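> sequence and predicted structure below; questions after.
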Amino acid sequence: MSTRTVARRGLAAFARHASTQPAAKAAAPVTPESKGAVKWLIGSPDPESQIRRIKFAEPTAATTPQSLEFQRYWTETMEWHHTIWSANNTQYHAQLAAFEDAVVRRHDRPANDNDRAVFYKEFLDASGTKQSAYYRQWIGRLLTLCKLGARSAWSQVGKA
């Protein structure tokens, strides 16, 4: 059986299935009192660090201390990311600009993709120890976030 035949049969089966399903209901508007209220907002990437900051909703009387601890640590972790990646990206772009200037002076041409690949490998090799330490810390923070998230979720069981 050819690939086209399989694709056509699959598409036909999907069309039959979709036509037998009831039409989707319109979503109810989200209000602060609704169960599905927005709990956080994710911002656009920071120009320096490329980290998307998270803004949590204001705590209410129903917010548990465990949830507040989780939010505090998550915010702290995002700030930690921002600090590390801002410094890394600033260093990277400064060194890349110096490297590209050196290529122009040395070869009388702009740097090409092969030149940049050599630079990138050298940059990663030079910062390997720092990156390894960062990833070890990141894994530790992820585990802590999982633990705090589980505590937060467990503290809300039976509420609502």
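On my side now, so go ahead. Numbering: from 1, shown residues only.
> give me the neighbour count for residue 150.
By other Cβ atoms under 10 Å, the residues close to residue 150 number 12. Quick note: C-beta positions are derived from backbone N, CA and C, even for glycine.
> kindly report the same for residue 71.
19.
> now do the contacts for it.
Counting by Cβ atoms under 8 Å, 6 or more residues apart in numbering, residue 71 touches residue 56.
> give me the pLDDT value at it.
Residue 71 is assigned a pLDDT of 91 by the prediction.
> next: the one 10 residues further on.
According to the per-residue confidence, residue 81 scores 93 in pLDDT.
> number of nearby residues for it?
Residue 81 has 19 neighbours, counted by other Cβ under 10 Å.
> gap between it and residue 87?
Noted for residue 81: a distance of 11 Å to residue 87, by Cβ to Cβ, to the nearest Å.
> for the chain, which segments are assigned as helices?
Using DSSP state H, the helices of the chain run over residues 3-20, 65-107, 113-126, 128-155.
> out of the ones you listed, indicate the one that is most buried.
Mean neighbours per residue, mean count of other Cβ atoms under 10 Å, is largest over the helices of the chain for helix 65-107, with a mean of 14.
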